[in-house]
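*Asks:* I would like to see how this sequence folds:
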Amino acid sequence: MTLDAVLSRIDETLPEAMERLFALLRIPSISTDPAFKADCARTADWLAEDLRGLGFDAAARPTPGHPMVVGHGGTGGRHLLFYGHYDVQPVDPLDLWHRDPFDPAIEDTPHGRVIRARGASDDKGQLMTFIEAARAWKHVHGALPGRLTIFLEGEEESGSPSLIPFMETHREELKADLALICDTGLFEGQPAITTMLRGLLGEEITITGPNKDLHSGSYGGAAMNPIRVLARIIASLHDDDGRITVPGFYDGVQELPEAVRAQWQALAFDYGKYLGDVGLSVPAGEHDRTPLEMLWSRPTCEVNGIWGGYAGAGFKTVLPSQAHAKISFRLVPGQDPHRLRDNFRNHVRTMVPFDCQVAFHEHAASAAGVMDIADPAFEAARKALGEEWGRPAAYIGCGGSIPIAGYFQKILGMDAMLIGFGQDDDQIHSPNEKYDVESFHKGIRSWARILAALQ
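*Replies:* Sure thing, here's the model as predicted:
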(Lines give C-alpha, C1' and ligand atoms only; values in the text may rest on other atoms or scores of the structure.)
Protein backbone atom coordinates (compact mmCIF):
# COMPACT_ATOMS: atom_id res chain seq x y z
CA MET A 1 0.00 0.00 0.00
CA THR A 2 1.42 3.38 -1.00
CA LEU A 3 0.50 5.06 2.29
CA ASP A 4 2.35 2.35 4.20
CA ALA A 5 5.44 3.10 2.14
CA VAL A 6 5.18 6.80 3.03
CA LEU A 7 4.76 6.02 6.72
CA SER A 8 7.75 3.69 6.63
CA ARG A 9 9.82 6.39 4.99
CA ILE A 10 8.83 8.82 7.77
CA ASP A 11 9.91 6.32 10.42
CA GLU A 12 13.21 5.55 8.70
CA THR A 13 14.19 9.19 8.18
CA LEU A 14 13.09 10.64 11.52
CA PRO A 15 16.71 11.44 12.56
CA GLU A 16 17.21 13.47 9.37
CA ALA A 17 13.88 15.26 9.92
CA MET A 18 15.01 16.12 13.45
CA GLU A 19 18.25 17.58 12.14
CA ARG A 20 16.35 19.81 9.71
CA LEU A 21 14.10 20.98 12.53
CA PHE A 22 17.13 21.67 14.72
CA ALA A 23 18.70 23.77 11.95
CA LEU A 24 15.50 25.84 11.80
CA LEU A 25 15.31 26.17 15.59
CA ARG A 26 18.85 27.52 15.78
CA ILE A 27 17.82 30.70 13.94
CA PRO A 28 16.54 33.28 16.51
CA SER A 29 13.55 34.57 14.52
CA ILE A 30 12.09 36.85 17.21
CA SER A 31 9.71 39.01 15.22
CA THR A 32 8.84 41.63 17.84
CA ASP A 33 12.47 42.74 18.43
CA PRO A 34 14.05 44.79 15.58
CA ALA A 35 17.45 43.44 16.58
CA PHE A 36 16.43 40.09 15.05
CA LYS A 37 15.13 41.41 11.74
CA ALA A 38 17.98 39.82 9.77
CA ASP A 39 17.40 36.50 11.53
CA CYS A 40 13.72 36.55 10.54
CA ALA A 41 14.74 37.13 6.92
CA ARG A 42 17.28 34.31 7.20
CA THR A 43 14.58 31.97 8.50
CA ALA A 44 12.26 32.83 5.62
CA ASP A 45 15.06 32.19 3.12
CA TRP A 46 15.86 28.84 4.80
CA LEU A 47 12.25 27.70 4.49
CA ALA A 48 11.89 28.89 0.91
CA GLU A 49 15.04 27.01 -0.08
CA ASP A 50 13.82 23.86 1.67
CA LEU A 51 10.49 24.04 -0.15
CA ARG A 52 12.19 24.53 -3.50
CA GLY A 53 14.13 21.34 -2.82
CA LEU A 54 10.78 19.53 -2.61
CA GLY A 55 9.61 20.87 -5.96
CA PHE A 56 7.68 23.90 -4.77
CA ASP A 57 7.89 27.18 -6.65
CA ALA A 58 8.70 29.03 -3.43
CA ALA A 59 10.14 32.37 -2.38
CA ALA A 60 10.39 34.70 0.60
CA ARG A 61 8.12 37.60 -0.28
CA PRO A 62 8.94 41.06 1.11
CA THR A 63 6.48 42.98 3.28
CA PRO A 64 6.82 46.22 5.27
CA GLY A 65 7.73 43.92 8.17
CA HIS A 66 9.10 40.39 8.00
CA PRO A 67 8.85 38.26 4.84
CA MET A 68 6.04 35.88 4.00
CA VAL A 69 7.03 32.52 2.51
CA VAL A 70 4.78 31.33 -0.30
CA GLY A 71 5.20 28.12 -2.25
CA HIS A 72 3.09 26.35 -4.85
CA GLY A 73 3.49 22.75 -5.93
CA GLY A 74 1.77 19.61 -7.12
CA THR A 75 -1.21 19.10 -9.38
CA GLY A 76 -4.65 17.54 -9.30
CA GLY A 77 -7.05 16.85 -6.50
CA ARG A 78 -8.35 19.28 -3.96
CA HIS A 79 -6.29 22.46 -3.65
CA LEU A 80 -5.04 22.71 -0.05
CA LEU A 81 -3.30 25.68 1.57
CA PHE A 82 -1.10 25.01 4.58
CA TYR A 83 -0.40 27.86 7.04
CA GLY A 84 2.17 28.11 9.81
CA HIS A 85 4.38 30.82 11.29
CA TYR A 86 8.16 30.81 11.58
CA ASP A 87 8.60 33.66 14.07
CA VAL A 88 8.97 33.01 17.78
CA GLN A 89 8.43 34.76 21.09
CA PRO A 90 11.24 36.55 22.96
CA VAL A 91 13.13 34.33 25.40
CA ASP A 92 13.08 36.60 28.48
CA PRO A 93 13.73 35.92 31.30
CA LEU A 94 16.82 34.16 30.01
CA ASP A 95 18.03 33.10 33.45
CA LEU A 96 15.04 30.76 33.82
CA TRP A 97 16.10 28.66 30.83
CA HIS A 98 17.99 25.46 31.57
CA ARG A 99 19.96 25.79 28.33
CA ASP A 100 20.48 28.19 25.42
CA PRO A 101 16.97 28.70 23.90
CA PHE A 102 18.43 28.53 20.39
CA ASP A 103 20.61 25.49 20.97
CA PRO A 104 18.01 22.71 20.54
CA ALA A 105 18.52 19.35 22.16
CA ILE A 106 16.67 16.13 22.93
CA GLU A 107 15.99 15.70 26.64
CA ASP A 108 14.65 12.72 28.53
CA THR A 109 11.85 13.63 30.94
CA PRO A 110 9.55 11.56 33.19
CA HIS A 111 6.91 11.87 30.46
CA GLY A 112 9.12 10.96 27.51
CA ARG A 113 11.65 12.49 25.15
CA VAL A 114 11.22 16.14 24.23
CA ILE A 115 12.79 18.72 21.93
CA ARG A 116 13.85 21.68 24.06
CA ALA A 117 14.16 25.06 22.29
CA ARG A 118 12.32 28.30 21.66
CA GLY A 119 9.87 27.68 18.82
CA ALA A 120 9.97 23.89 19.21
CA SER A 121 6.20 23.78 19.68
CA ASP A 122 5.14 27.29 18.63
CA ASP A 123 5.36 26.96 15.71
CA LYS A 124 8.47 25.62 13.99
CA GLY A 125 8.07 22.01 15.13
CA GLN A 126 4.42 22.10 14.13
CA LEU A 127 4.91 23.56 10.65
CA MET A 128 7.75 21.15 9.92
CA THR A 129 5.44 18.17 10.56
CA PHE A 130 3.57 19.10 7.39
CA ILE A 131 6.68 19.81 5.33
CA GLU A 132 8.26 16.51 6.39
CA ALA A 133 5.09 14.64 5.44
CA ALA A 134 5.23 16.22 1.98
CA ARG A 135 8.94 15.31 1.77
CA ALA A 136 8.30 11.64 2.50
CA TRP A 137 5.40 11.56 0.05
CA LYS A 138 7.55 13.11 -2.67
CA HIS A 139 10.32 10.54 -2.10
CA VAL A 140 7.94 7.58 -2.35
CA HIS A 141 5.71 8.80 -5.18
CA GLY A 142 8.01 11.14 -7.06
CA ALA A 143 5.40 13.90 -6.76
CA LEU A 144 3.74 16.00 -4.08
CA PRO A 145 0.41 14.79 -2.63
CA GLY A 146 -1.95 16.83 -4.79
CA ARG A 147 -2.07 20.57 -5.36
CA LEU A 148 -0.53 22.40 -2.39
CA THR A 149 0.13 26.00 -1.43
CA ILE A 150 2.41 26.71 1.53
CA PHE A 151 1.90 30.04 3.32
CA LEU A 152 4.26 30.81 6.21
CA GLU A 153 4.09 34.04 8.19
CA GLY A 154 6.86 35.83 10.08
CA GLU A 155 4.85 38.21 12.28
CA GLU A 156 2.29 36.06 14.10
CA GLU A 157 3.94 36.65 17.48
CA SER A 158 4.00 40.43 16.94
CA GLY A 159 0.41 41.13 15.90
CA SER A 160 0.60 40.21 12.18
CA PRO A 161 0.66 43.83 10.90
CA SER A 162 1.52 42.77 7.34
CA LEU A 163 -0.81 39.79 7.11
CA ILE A 164 -4.14 41.30 6.04
CA PRO A 165 -2.62 43.66 3.42
CA PHE A 166 -0.58 40.76 2.00
CA MET A 167 -3.61 38.46 1.84
CA GLU A 168 -5.74 41.12 0.20
CA THR A 169 -3.05 41.95 -2.36
CA HIS A 170 -2.44 38.26 -3.17
CA ARG A 171 -6.04 37.12 -2.74
CA GLU A 172 -6.29 35.25 -6.05
CA GLU A 173 -2.92 33.55 -5.64
CA LEU A 174 -3.69 32.30 -2.14
CA LYS A 175 -7.24 31.08 -2.69
CA ALA A 176 -7.68 27.33 -2.24
CA ASP A 177 -10.43 24.86 -1.45
CA LEU A 178 -9.46 24.41 2.19
CA ALA A 179 -6.84 25.79 4.58
CA LEU A 180 -4.86 23.61 6.97
CA ILE A 181 -3.39 25.22 10.10
CA CYS A 182 -0.92 23.53 12.44
CA ASP A 183 -0.76 25.84 15.46
CA THR A 184 -3.00 24.07 17.97
CA GLY A 185 -2.68 20.95 20.11
CA LEU A 186 -3.96 17.65 21.33
CA PHE A 187 -6.80 17.55 23.85
CA GLU A 188 -5.40 15.77 26.90
CA GLY A 189 -3.40 13.50 24.61
CA GLN A 190 -6.30 12.88 22.21
CA PRO A 191 -6.09 14.04 18.58
CA ALA A 192 -8.41 16.92 17.81
CA ILE A 193 -9.67 19.20 15.07
CA THR A 194 -10.53 22.69 16.26
CA THR A 195 -13.72 23.87 14.58
CA MET A 196 -14.84 26.76 16.80
CA LEU A 197 -12.73 29.81 17.65
CA ARG A 198 -13.75 32.61 19.96
CA GLY A 199 -13.25 36.20 18.88
CA LEU A 200 -11.80 38.99 21.01
CA LEU A 201 -12.83 42.50 21.99
CA GLY A 202 -10.64 44.70 24.18
CA GLU A 203 -11.47 47.99 25.92
CA GLU A 204 -9.50 50.23 28.26
CA ILE A 205 -11.52 52.72 30.29
CA THR A 206 -10.41 55.74 32.31
CA ILE A 207 -12.67 57.41 34.86
CA THR A 208 -11.68 60.98 35.75
CA GLY A 209 -13.15 62.79 38.75
CA PRO A 210 -11.34 65.71 40.41
CA ASN A 211 -8.70 67.57 38.43
CA LYS A 212 -5.95 66.38 40.79
CA ASP A 213 -5.36 63.82 43.56
CA LEU A 214 -7.05 64.88 46.80
CA HIS A 215 -6.38 64.40 50.52
CA SER A 216 -9.01 61.98 51.82
CA GLY A 217 -9.29 63.84 55.13
CA SER A 218 -10.09 67.10 53.39
CA TYR A 219 -12.27 65.80 50.55
CA GLY A 220 -13.35 62.25 51.50
CA GLY A 221 -17.12 61.95 51.51
CA ALA A 222 -17.67 65.21 49.64
CA ALA A 223 -15.70 64.44 46.46
CA MET A 224 -16.52 61.54 44.15
CA ASN A 225 -13.78 58.92 44.09
CA PRO A 226 -13.14 57.55 40.54
CA ILE A 227 -12.15 54.15 41.96
CA ARG A 228 -15.57 53.91 43.58
CA VAL A 229 -17.20 54.65 40.22
CA LEU A 230 -15.00 52.11 38.46
CA ALA A 231 -15.69 49.43 41.06
CA ARG A 232 -19.44 49.91 40.62
CA ILE A 233 -19.11 49.60 36.84
CA ILE A 234 -17.06 46.42 37.07
CA ALA A 235 -19.43 44.88 39.62
CA SER A 236 -22.34 45.54 37.26
CA LEU A 237 -20.93 43.44 34.40
CA HIS A 238 -22.08 40.05 35.77
CA ASP A 239 -25.18 38.91 37.60
CA ASP A 240 -25.26 36.35 40.40
CA ASP A 241 -25.59 33.48 37.88
CA GLY A 242 -22.46 34.44 35.95
CA ARG A 243 -24.31 35.98 32.99
CA ILE A 244 -22.98 39.15 31.42
CA THR A 245 -25.31 42.10 31.81
CA VAL A 246 -24.22 44.41 28.99
CA PRO A 247 -27.43 45.13 27.04
CA GLY A 248 -27.68 43.07 23.85
CA PHE A 249 -24.61 41.05 24.75
CA TYR A 250 -26.20 37.68 23.90
CA ASP A 251 -27.93 38.85 20.72
CA GLY A 252 -27.07 36.38 17.94
CA VAL A 253 -25.51 33.79 20.26
CA GLN A 254 -26.66 30.33 19.18
CA GLU A 255 -27.03 27.20 21.22
CA LEU A 256 -24.46 24.47 20.78
CA PRO A 257 -25.74 21.67 18.48
CA GLU A 258 -26.72 18.63 20.51
CA ALA A 259 -24.39 16.34 18.55
CA VAL A 260 -21.42 18.57 19.39
CA ARG A 261 -22.47 18.90 23.02
CA ALA A 262 -22.70 15.11 23.31
CA GLN A 263 -19.23 14.70 21.81
CA TRP A 264 -17.78 17.24 24.22
CA GLN A 265 -19.42 15.46 27.14
CA ALA A 266 -17.87 12.19 25.95
CA LEU A 267 -14.42 13.77 26.33
CA ALA A 268 -14.85 13.36 30.10
CA PHE A 269 -13.06 16.65 30.75
CA ASP A 270 -11.74 16.70 34.32
CA TYR A 271 -12.47 20.30 35.22
CA GLY A 272 -11.67 19.58 38.86
CA LYS A 273 -8.06 18.84 37.93
CA TYR A 274 -8.05 21.67 35.37
CA LEU A 275 -9.00 24.21 38.02
CA GLY A 276 -7.16 22.41 40.80
CA ASP A 277 -3.87 22.83 38.95
CA VAL A 278 -4.20 26.61 39.41
CA GLY A 279 -5.51 26.47 42.99
CA LEU A 280 -9.24 26.76 42.21
CA SER A 281 -12.19 24.37 42.33
CA VAL A 282 -15.51 25.97 41.27
CA PRO A 283 -16.33 27.09 37.67
CA ALA A 284 -17.16 30.80 37.69
CA GLY A 285 -19.05 31.16 34.41
CA GLU A 286 -22.74 30.83 33.64
CA HIS A 287 -24.17 28.40 36.17
CA ASP A 288 -26.27 26.47 33.63
CA ARG A 289 -23.34 25.65 31.34
CA THR A 290 -20.77 22.86 31.39
CA PRO A 291 -17.11 23.80 31.90
CA LEU A 292 -16.22 23.00 28.27
CA GLU A 293 -19.08 25.19 27.05
CA MET A 294 -17.72 27.98 29.24
CA LEU A 295 -14.29 27.56 27.67
CA TRP A 296 -15.19 26.97 24.03
CA SER A 297 -18.69 28.09 23.04
CA ARG A 298 -19.86 30.77 25.48
CA PRO A 299 -18.85 34.45 25.49
CA THR A 300 -16.99 35.93 28.43
CA CYS A 301 -16.20 39.25 30.08
CA GLU A 302 -13.02 39.51 32.14
CA VAL A 303 -11.23 42.34 33.92
CA ASN A 304 -7.55 42.07 33.01
CA GLY A 305 -6.18 44.95 35.02
CA ILE A 306 -7.20 47.74 37.43
CA TRP A 307 -5.12 50.65 38.67
CA GLY A 308 -5.51 54.05 40.28
CA GLY A 309 -4.46 55.95 43.37
CA TYR A 310 -1.46 54.99 45.46
CA ALA A 311 -0.23 51.38 45.35
CA GLY A 312 3.31 51.76 46.65
CA ALA A 313 4.81 50.76 49.98
CA GLY A 314 3.18 52.08 53.09
CA PHE A 315 -0.04 54.06 52.98
CA LYS A 316 -1.15 57.28 51.32
CA THR A 317 -4.63 58.61 52.11
CA VAL A 318 -5.45 59.93 48.67
CA LEU A 319 -8.52 60.21 46.47
CA PRO A 320 -7.11 59.69 42.98
CA SER A 321 -7.96 61.90 40.08
CA GLN A 322 -8.28 58.88 37.79
CA ALA A 323 -9.00 55.16 37.84
CA HIS A 324 -8.37 52.74 34.99
CA ALA A 325 -9.32 49.23 33.90
CA LYS A 326 -8.64 46.90 30.99
CA ILE A 327 -11.58 44.67 30.10
CA SER A 328 -11.69 41.95 27.46
CA PHE A 329 -14.52 39.94 25.96
CA ARG A 330 -14.19 36.54 24.31
CA LEU A 331 -16.83 36.32 21.61
CA VAL A 332 -18.66 33.45 19.93
CA PRO A 333 -20.24 33.12 16.46
CA GLY A 334 -23.16 35.49 15.98
CA GLN A 335 -21.69 38.35 18.00
CA ASP A 336 -20.61 41.56 16.27
CA PRO A 337 -17.55 42.98 18.08
CA HIS A 338 -18.18 46.53 16.87
CA ARG A 339 -21.79 46.54 18.00
CA LEU A 340 -20.77 45.08 21.35
CA ARG A 341 -18.15 47.80 21.77
CA ASP A 342 -20.88 50.42 21.35
CA ASN A 343 -23.18 48.57 23.76
CA PHE A 344 -20.45 48.28 26.38
CA ARG A 345 -19.54 51.95 26.15
CA ASN A 346 -23.19 53.00 26.42
CA HIS A 347 -23.57 50.76 29.47
CA VAL A 348 -20.54 52.37 31.13
CA ARG A 349 -21.69 55.90 30.31
CA THR A 350 -25.01 55.33 32.08
CA MET A 351 -23.11 54.56 35.29
CA VAL A 352 -20.78 57.57 35.31
CA PRO A 353 -22.03 60.30 37.69
CA PHE A 354 -22.38 63.95 36.72
CA ASP A 355 -19.05 65.12 38.14
CA CYS A 356 -16.98 62.40 36.40
CA GLN A 357 -15.95 61.72 32.83
CA VAL A 358 -15.09 58.50 31.04
CA ALA A 359 -12.62 57.98 28.20
CA PHE A 360 -12.24 54.80 26.14
CA HIS A 361 -9.23 53.35 24.38
CA GLU A 362 -10.05 50.48 22.05
CA HIS A 363 -7.96 47.36 21.55
CA ALA A 364 -8.69 44.14 19.63
CA ALA A 365 -11.95 43.61 17.74
CA SER A 366 -12.11 40.26 15.96
CA ALA A 367 -15.17 38.12 15.36
CA ALA A 368 -15.44 34.45 16.27
CA GLY A 369 -15.27 31.72 13.67
CA VAL A 370 -16.96 28.38 13.17
CA MET A 371 -15.95 25.86 10.50
CA ASP A 372 -18.36 23.87 8.35
CA ILE A 373 -17.80 20.29 9.45
CA ALA A 374 -20.39 19.16 6.91
CA ASP A 375 -17.51 19.32 4.43
CA PRO A 376 -16.53 15.63 3.99
CA ALA A 377 -12.86 16.63 4.34
CA PHE A 378 -13.35 17.13 8.07
CA GLU A 379 -14.65 13.63 8.69
CA ALA A 380 -11.94 12.16 6.44
CA ALA A 381 -9.26 13.97 8.44
CA ARG A 382 -10.86 12.96 11.74
CA LYS A 383 -10.77 9.30 10.68
CA ALA A 384 -7.14 9.59 9.54
CA LEU A 385 -6.10 11.11 12.87
CA GLY A 386 -7.87 8.35 14.78
CA GLU A 387 -6.05 5.69 12.77
CA GLU A 388 -2.68 7.22 13.62
CA TRP A 389 -3.23 7.92 17.32
CA GLY A 390 -5.35 4.88 18.14
CA ARG A 391 -8.05 7.06 19.68
CA PRO A 392 -10.98 8.77 17.95
CA ALA A 393 -10.23 12.37 17.07
CA ALA A 394 -12.59 14.97 18.55
CA TYR A 395 -14.06 18.15 17.15
CA ILE A 396 -13.24 20.76 19.79
CA GLY A 397 -13.50 24.48 20.39
CA CYS A 398 -10.76 26.91 21.25
CA GLY A 399 -11.10 29.34 24.12
CA GLY A 400 -8.52 31.69 22.65
CA SER A 401 -8.48 33.49 19.33
CA ILE A 402 -6.63 32.43 16.18
CA PRO A 403 -7.33 35.35 13.82
CA ILE A 404 -5.81 33.71 10.72
CA ALA A 405 -8.70 31.23 10.51
CA GLY A 406 -11.17 34.12 10.40
CA TYR A 407 -9.07 35.92 7.78
CA PHE A 408 -9.15 32.82 5.58
CA GLN A 409 -12.95 32.88 5.79
CA LYS A 410 -13.38 36.62 5.32
CA ILE A 411 -10.64 37.41 2.79
CA LEU A 412 -10.18 34.14 0.90
CA GLY A 413 -13.67 32.66 1.33
CA MET A 414 -12.54 29.27 2.64
CA ASP A 415 -12.78 27.32 5.86
CA ALA A 416 -9.76 26.19 7.83
CA MET A 417 -9.02 22.88 9.48
CA LEU A 418 -6.96 23.45 12.63
CA ILE A 419 -4.93 20.39 13.56
CA GLY A 420 -1.95 20.47 15.88
CA PHE A 421 0.07 18.18 18.09
CA GLY A 422 1.16 20.41 20.96
CA GLN A 423 0.69 19.42 24.59
CA ASP A 424 -0.65 21.55 27.43
CA ASP A 425 2.76 21.45 29.14
CA ASP A 426 4.78 22.62 26.12
CA GLN A 427 5.42 25.96 27.85
CA ILE A 428 4.97 28.02 24.70
CA HIS A 429 5.83 31.70 25.25
CA SER A 430 7.59 30.66 28.49
CA PRO A 431 11.12 29.58 29.41
CA ASN A 432 12.09 25.99 28.57
CA GLU A 433 9.60 25.55 25.73
CA LYS A 434 9.49 21.98 24.43
CA TYR A 435 7.82 19.76 21.85
CA ASP A 436 7.39 16.04 22.45
CA VAL A 437 9.37 13.84 20.07
CA GLU A 438 6.21 11.75 19.80
CA SER A 439 4.24 14.85 18.73
CA PHE A 440 6.78 15.60 16.01
CA HIS A 441 6.98 12.01 14.77
CA LYS A 442 3.28 11.18 14.91
CA GLY A 443 2.45 14.68 13.64
CA ILE A 444 4.35 13.93 10.42
CA ARG A 445 2.60 10.57 10.11
CA SER A 446 -0.75 12.22 10.79
CA TRP A 447 -0.35 14.71 7.97
CA ALA A 448 0.68 11.92 5.59
CA ARG A 449 -2.55 10.08 6.45
CA ILE A 450 -4.63 13.25 6.10
CA LEU A 451 -3.10 14.13 2.75
CA ALA A 452 -3.86 10.64 1.51
CA ALA A 453 -7.45 10.94 2.75
CA LEU A 454 -8.00 14.34 1.12
CA GLN A 455 -6.71 13.49 -2.35
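*Asks:* residues contacting the spatially most central residue of the chain?
*Replies:* Nearest to the geometric centre of the chain sits residue 402, at 4.2 Å (Cα atoms, centre = their mean). With contact taken as Cβ atoms under 8 Å, 6 or more residues apart in numbering, residue 402 is in contact with 181, 183-184, 194, 197, 418. Bear in mind the C-beta positions are built from the backbone N, C-alpha and C, glycine included.
*Asks:* By neighbour count, which of those wins?
*Replies:* residue 197 (30 neighbours; other Cβ atoms under 10 Å).
*Asks:* tell me the contacts of the residue nearest to that one when sequence neighbours are not counted?
*Replies:* In space, and not counting its chain neighbours, residue 197 is closest to residue 369: 4.5 Å by Cβ to Cβ, 6 or more residues apart in numbering. Going by Cβ under 8 Å, 6+ apart, residue 369 touches 196-197, 199, 333, 405-406, 409, 416.
*Asks:* what about residue 369, distance to residue 403?
*Replies:* Relative to residue 403, residue 369 is positioned 9 Å away (Cβ to Cβ, to the nearest Å).
*Asks:* same thing with residue 174?
*Replies:* Taken as Cβ to Cβ, the span from residue 174 to residue 403 is 16 Å.
*Asks:* ok, now residue 429?
*Replies:* For residue 429, the distance to residue 403 - Cβ to Cβ - is 17 Å.
*Asks:* Neighbour count: those two, which is higher?
*Replies:* residue 403 (20 against 13).
*Asks:* residue contacts, that one?
*Replies:* 160, 366.
*Asks:* Residue 233 too?
*Replies:* Residue 233 touches 205, 207, 325, 348, 351-352, counting by Cβ under 8 Å, 6+ apart.
*Asks:* still on that earlier bit, closest one to residue 20 out of the contacts of residue 402, please.
*Replies:* The closest of these to residue 20 turns out to be residue 183 (Cβ to Cβ; 19.2 Å).
*Asks:* Count the neighbours of residue 192 for me.
*Replies:* 25.
*Asks:* Quick check: it touching residue 393?
*Replies:* Yes: counting by Cβ atoms under 8 Å, residue 192 does reach residue 393; the two are 6.0 Å apart.
*Asks:* Need the residues touching each of these two.
*Replies:* residue 385.
*Asks:* ok, back up a step: among the contacts of residue 369, name the buried ones.
*Replies:* 196-197, 199, 333, 405-406, 409, 416 (16 or more other Cβ atoms under 10 Å).
*Asks:* right, and the helix or strand after the strand or helix carrying residue 304?
*Replies:* Assigned by DSSP states H and E, residue 304 belongs to strand 300-308. Using DSSP H and E, the next helix or strand after strand 300-308 towards the C-terminus is strand 318-319.
*Asks:* Would you mind pulling up the elements that that following strand packs against?
*Replies:* strand 214-215, helix 216-219 (3 or more Cβ pairs under 8 Å, 6 or more residues apart in numbering; DSSP states H and E).
*Asks:* most packed of these?
*Replies:* strand 214-215 (a mean of 16; mean count of other Cβ atoms under 10 Å).
*Asks:* what are the pairing partners of that strand, and which direction each?
*Replies:* Sheet pairing for strand 214-215, assigned by DSSP bridges, gives strand 318-319 (antiparallel).
*Asks:* Residues touching the partner strand, excluding its own?
*Replies:* Looking at what lies outside strand 318-319 - Cβ under 8 Å, 6+ apart - the contacts are 209-210, 213-216, 219-220, 223, 225, 309-310.
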